[in-house]
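>>> Pasting the sequence and the predicted model now:
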Amino acid sequence: MIGGIGGYNPLSGYGSSGYGAGSVRPGGEKSDFNIPGQNGSGEESNLGKVGDDVKKPGRKSSPEDCETCKNRKYQDGSDESDVSFQTPQHIDPSAAASAVRAHEQEHVVNAYEKAKEEGGKVLSVGVSIHTAVCPECGRVYVSGGLTTSRIATPEGDDNSKNNPYDQQKDALGRILNTGMRANYTT
């Protein structure tokens, strides 16, 4: 798992992007979105322009000058010590997606290695890549990732004897099954 740090909560960063509801198209018909590049008067605007040098309406800076993006750092939050990003590191926003995907792939490889060591097999592995919106410049960036895996190990080996959950399950099964096969005929 990798996540961005730096004081921004991605759950509170979602909101209006400036493409408001109820705009009027140049022909006079009402639409539920604005046409990028037009502000209703036929003049060009900054809406919809693709470029890092354009400051978006309602934002403090352009993505090119954004201090939040320049200072954003990523750090691994798992207990696996053999993966990247053990210490906070800056990643350029344009390279963050591939760096996070590569990092999450390290966790996938670890899951398969763990299954092989324990004599089990991987039932499933899922990788989620998370995005957020920078509150300063409005850039959509990769904010982190999460890898989940399910590994099945063989029953009856030393791992299940030392596993407290398996011990509790066995004890409960003995209690519930006591007397189930009693023969009461005389």
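Cool, the structure landed. Residues are numbered from 1 along each chain as shown.
>>> how about stretch 175-186: buried residues?
For stretch 175-186, the neighbour count (16 or more other CB atoms under 10 Å) marks no residue as buried. Any C-beta I mention is one placed from the backbone N, CA and C, and that applies to glycine too.
>>> Mean pLDDT per helix and strand in this protein: which one sits at the bottom?
Between all helices and strands in the chain, the lowest mean by mean pLDDT, DSSP states H and E belongs to strand 23-24, at a mean of 35.
>>> List the residues that contact Pro154.
Gly119, Gly120 (CB atoms under 8 Å, 6 or more residues apart in numbering).
>>> for the helix or strand containing Ala97, packing partners?
Element membership for Ala97 (DSSP states H and E) is helix 96-117. Contact partners of helix 96-117 among helices and strands, from 3 or more CB pairs under 8 Å, 6 or more residues apart in numbering; DSSP states H and E: strand 2-5, strand 73-76, strand 121-133, strand 140-152.
>>> mind running it again at 7 Å?
strand 2-5, strand 121-133, strand 140-152 (3 or more CB pairs under 7 Å, 6 or more residues apart in numbering; DSSP states H and E).
>>> which residues sit against that helix?
Applying CB atoms under 7 Å, 6 or more residues apart in numbering, the contact partners of helix 96-117 are 2, 78, 80, 83-85, 91, 121-122, 125, 127, 129, 141-142, 144-145, 147, 149, 151.
>>> Just want the angle from that helix to strand 121-133.
Angle between the axes of helix 96-117 and strand 121-133 is 160 degrees (criterion: axes from the mean of the first three to the mean of the last three CA atoms, to 10 degrees).
>>> Tell me where the model's unsure across the chain.
In the prediction, the chain carries residues with pLDDT under 70 at positions 1-54, 56, 58, 155-161, 182-183, 186.
>>> can the helices and strands packed on helix 96-117 go into CSV with extra columns for mean neighbour count and distance to Lys114?
Shown next, in CSV, are the helices and strands packed on helix 96-117 (neighbours: other CB atoms under 10 Å; distance: least, CB to CB, whole Å):
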stretch, mean neighbour count, distance to Lys114
strand 2-5, 20, 19
strand 121-133, 14, 9
strand 140-152, 18, 6
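>>> among those strands, which is nearest Thr185?
Checking the helices and strands packed on helix 96-117 against Thr185 by CB to CB gives strand 140-152 as the closest, at 42.1 Å.
>>> send the alpha carbons of that closest one over as PDB?
The C-alpha trace of strand 140-152 is given here as PDB (Å, rounded to 0.1, in the frame of the first residue of the first chain):
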ATOM      1  CA  VAL A 140      -5.900  15.100 -10.800                       C
ATOM      2  CA  TYR A 141      -3.100  13.100  -9.500                       C
ATOM      3  CA  VAL A 142      -2.400   9.500  -8.300                       C
ATOM      4  CA  SER A 143      -2.700   9.700  -4.500                       C
ATOM      5  CA  GLY A 144      -1.800   6.100  -3.700                       C
ATOM      6  CA  GLY A 145      -2.600   2.500  -4.100                       C
ATOM      7  CA  LEU A 146      -3.700  -0.600  -2.300                       C
ATOM      8  CA  THR A 147      -3.000  -4.300  -2.900                       C
ATOM      9  CA  THR A 148      -5.100  -7.000  -1.300                       C
ATOM     10  CA  SER A 149      -4.400 -10.700  -1.600                       C
ATOM     11  CA  ARG A 150      -6.000 -13.900  -0.400                       C
ATOM     12  CA  ILE A 151      -3.800 -16.900   0.100                       C
ATOM     13  CA  ALA A 152      -5.000 -20.500   0.900                       C
END
